[in-house]
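Visitor: fold the stuff below for me.
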Amino acid sequence: MFDERYSIRSHTCGAPDATLVGQTVTLAGWVHRRRDHGGLVFIDLRDRSGLVQCVFDPEAAGEAFVLAEQVRPEWVVKVEGVVRARPEGTVNPNLATGEVEVAVSSATVLNTAETPPFEVDAGIETDEITRLRYRYIDLRRPEVLEALILRDRLAQRFRKELEHRGFVEVETPILGRSTPEGARDFIVPSRLNAGEFYALPQSPQLFKQLLMIGGLERYYQIARCFRDEDLRADRQPEFTQIDLEMSFCTAEDVIHLTEDVMREVVKEAGFDLPVPLPRIAYAEAMDRFGSDRPDTRFGMELACLGSVFADSSFKVFAGVLASGGRVKGINAKGAGDWSRGRIDALNQVAVDAGAKGLAWVAFTSDGEVRSPVAKFFSEVEMAALRAALDVEPGDLVLMIADAHDVANEVLGVLRLHMAAELGIERAGHEALWVVDFPMFLYDDEEQRWDASHHPFTRPFDEHLDVLESDPGAVTSYSYDLIIDGLEIGGGTLRVHDPAIQERILGVLGIEKAEAAEQFGFLLDALAYGAPPHGGIALGFDRLVMVLAEKPSIRDVIAFPKTSSGACPLTGAPGEVSARQLREVHLKLD
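Guide: A predicted model of the protein is given here:
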């Protein structure tokens, strides 16, 4: 709904229809297209709401007709005229205003425009850098406008649904303290405090916990967050999340609340969310899909092949199994006839994902078996392999022998790679929860335990006895919302007992003095009557990307950065003057 009381227009360009026939309207917008047909000039006038055909007749339009002969695409004009039905045979069924046109009586040029670097039209093939350099022109294209309008509708619906459920919107600081939350911080030097720095928030995590300790009970925020990490299609250095926290709740409460809110929100995009959503434990997700954010819209699930090769004479497999590792595989149906070179190239994909190497067996459509390792397998093993992976002619079996976690993760990468290479259809949307994440994951490179989600996650009560003695056996109250293989949201119950929080920090190797320096304010607050609490953060950009069916979150952000973190429009990041550096007590090396 567009309120025209505050405008030089009487209607938007998308408004004229059969109900306005005979009425005089005033429109304003951009010249989308101009056509000169036998003495009549037709101009398609466009604004945010749509496009309408305006007709300039030299007898009726007078001076406006002279103007119509001069205008060019993207000039900004205002017209006045009468809405009339289009002549028989000229109705455009693909246009919302296609039944009518505006017979112009007067027109004014509000501004001229240079020839744009690309057409303002849907489905253009202009490269992304050019579109981002002239983003203000790109924004005029219908699919970009539609994505931003959808983004607004979803944000407003989130606010409505959360307010209805007793949540209060609170803003938390942008300039904060650097704390270990998993990714690199963006840091900001302080002019007033020489040699000290703020950090931009990776999330409002600590502040929302403080709000629960402060008695707010239900908080939410459409929060701006910042992480200095490598970028990809679903990641930006600055992003938006729907952040919420609840007191006096269980994990079930947070999950049910999220499902209820999401069910209503996604209706704005015509998406039906069938709640309650299915749930998969973290361990099962890794074993079946090799990912804690599985795309369940296609098969190619991982299979454990330990029993197939339990007595294998193939030294690589036998050695891994003897050391407690795993042999696992996937069946890439339809790739069995690939060339040797194309299959061998998959080895690099596996190595890049962390494997030592890749074993494969191709079963061609004409019944031939091709493989550099099949000669080491007995007939019994080959038969068991076929049965375990439901092998048919034309299939390609890919196998990884390694530590359990490595085998899962590498095959998870190969599963997605092969789905893309084979063009496997992934139609529609599938949502699920991945729950019960491990509390800690071991970092072999750093030789220490890391928090799976964050250090403030609450462990299962029944696992507290082994918190220090066996950290790898501890499960947490945690839950991630996955849609189409993308992590849309992640949340946990939080630690509300200061003694347990100190124990967790100890497992992470954070000494008391360091803990007090990094987030002593939270530890102090926990000692003043913290209620049980938990929450979730939903990746708003990713959600809009999925619902708008866009390939990248850059398509649903008004002014995004490129994959290198640069802004082609403004030139950011850029240099600053020597004076600015001196003011914040910095010197470039």
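Visitor: switch to C-alpha atoms for all contacts and neighbour counts from now on
Guide: Fine.
Visitor: any idea of the mean pLDDT for the top helix by length along the chain?
Guide: In the chain, taking DSSP state H as the definition, the longest helix is helix 142-164. In this model, helix 142-164 has an average pLDDT of 97.
Visitor: now for it, which elements pack on it?
Guide: When contacts are defined as 3 or more CA pairs under 8 Å, 6 or more residues apart in numbering; DSSP states H and E, helix 142-164 sits against helix 251-265, helix 540-547.
Visitor: so which elements touch the last one?
Guide: In terms of contacts (3+ CA pairs under 8 Å, 6+ apart), helix 540-547 is packed against helix 142-164, strand 238-247, strand 486-493.
Visitor: now with 10 Å, please.
Guide: helix 142-164, strand 238-247, strand 478-483, strand 486-493 (3 or more CA pairs under 10 Å, 6 or more residues apart in numbering; DSSP states H and E).
Visitor: that helix to strand 238-247, inter-axis angle?
Guide: Compare the direction of helix 540-547 with that of strand 238-247 by axes from the mean of the first three to the mean of the last three CA atoms, to 10 degrees and you get 100 degrees.
Visitor: what's the first helix or strand after helix 540-547?
Guide: helix 578-583 (DSSP states H and E).
Visitor: may I see the buried residues of that following helix?
Guide: Buried residues in helix 578-583, counting neighbours by 16 or more other CA atoms under 10 Å, are absent.
Visitor: quick one: residues in contact with that helix.
Guide: 189-192, 194, 585-588 (CA atoms under 10 Å, 6 or more residues apart in numbering).
Visitor: in helices only, show me these.
Guide: Those of those lying in helices (DSSP H): none at all.
Visitor: one step back: so which of the helices and strands packed on helix 142-164 is nearest Thr240?
Guide: helix 540-547 (5.6 Å; CA to CA).
Visitor: gap between the closest one and the chain center?
Guide: 6 Å (CA atoms, centre = their mean, to the nearest Å).
Visitor: how far off strand 486-493 does that helix point, in degrees?
Guide: Using the same axes, to 10 degrees: helix 540-547 against strand 486-493 is 140 degrees.
Visitor: could we number from 233 for the rest of this?
Guide: Sure, I'll start counting at 233 from here, so that last one is helix 772-779.
Visitor: got the angle for helix 772-779 vs strand 710-715?
Guide: 40 degrees.
Visitor: could you give the average pLDDT over helix 772-779?
Guide: The average of the pLDDT scores along helix 772-779 is 97.
Visitor: element containing Leu630?
Guide: strand 627-634.
Visitor: so after that strand, what's the next helix or strand?
Guide: helix 636-653.
Visitor: now do the buried residues in that next one.
Guide: Within helix 636-653, the residues scored as buried using 16+ other CA under 10 Å are 636, 638-648, 650-651.
Visitor: with adjacent residues omitted, what lies nearest to Thr724?
Guide: Ser710 (4.2 Å; CA to CA, 6 or more residues apart in numbering).
Visitor: show me what contacts that neighbour?
Guide: Here Ser710 is in contact with 483, 487, 513-514, 665-671, 684-685, 689-692, 722-726, 766-768 (CA under 10 Å, 6+ apart).
Visitor: just the buried residues of those.
Guide: Counted by 16+ other CA under 10 Å, the contacts of Ser710 give 483, 487, 514, 665-671, 684-685, 689-692, 722-726, 766-768 as buried.
Visitor: keep only those of the contacts of Ser710 that are in strands.
Guide: Counting by DSSP state E, the part of the contacts of Ser710 found in strands is 513, 665-667, 722-725, 766-768.
Visitor: any chance of these in TSV, with pLDDT and distance to Gln812 too?
Guide: Shown next, in TSV, are the ones in strands among the contacts of Ser710 (pLDDT from 0 to 100; distance: CA to CA, whole Å):
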residue	pLDDT	distance to Gln812
Ala513	98	51
Trp665	98	48
Val666	98	47
Val667	98	48
Gly722	96	39
Gly723	97	40
Thr724	97	42
Leu725	97	43
Gly766	98	42
Gly767	98	40
Ile768	98	39
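Visitor: just the helices and strands packed on helix 374-396: most buried one?
Guide: helix 772-779 (a mean of 23; mean count of other CA atoms under 10 Å).
Visitor: what are the ranges of the strands in the stretch 433-582 of the chain?
Guide: 450-458, 470-479, 511-513, 535-536, 558-565 (DSSP state E, counting those that start in this stretch).
Visitor: for the ones you listed, which one sits closest to Asn326?
Guide: Smallest distance to Asn326 across the strands of the stretch 433-582 of the chain (CA to CA): 34.9 Å, for strand 470-479.
Visitor: what's the helix or strand harbouring Gln285 packed up against?
Guide: Here Gln285 sits within strand 282-288, counting by DSSP H and E. Strand 282-288 sits against strand 256-269, strand 272-279, helix 295-302, strand 308-317, strand 332-343, with contacts defined as 3+ CA pairs under 10 Å, 6+ apart.
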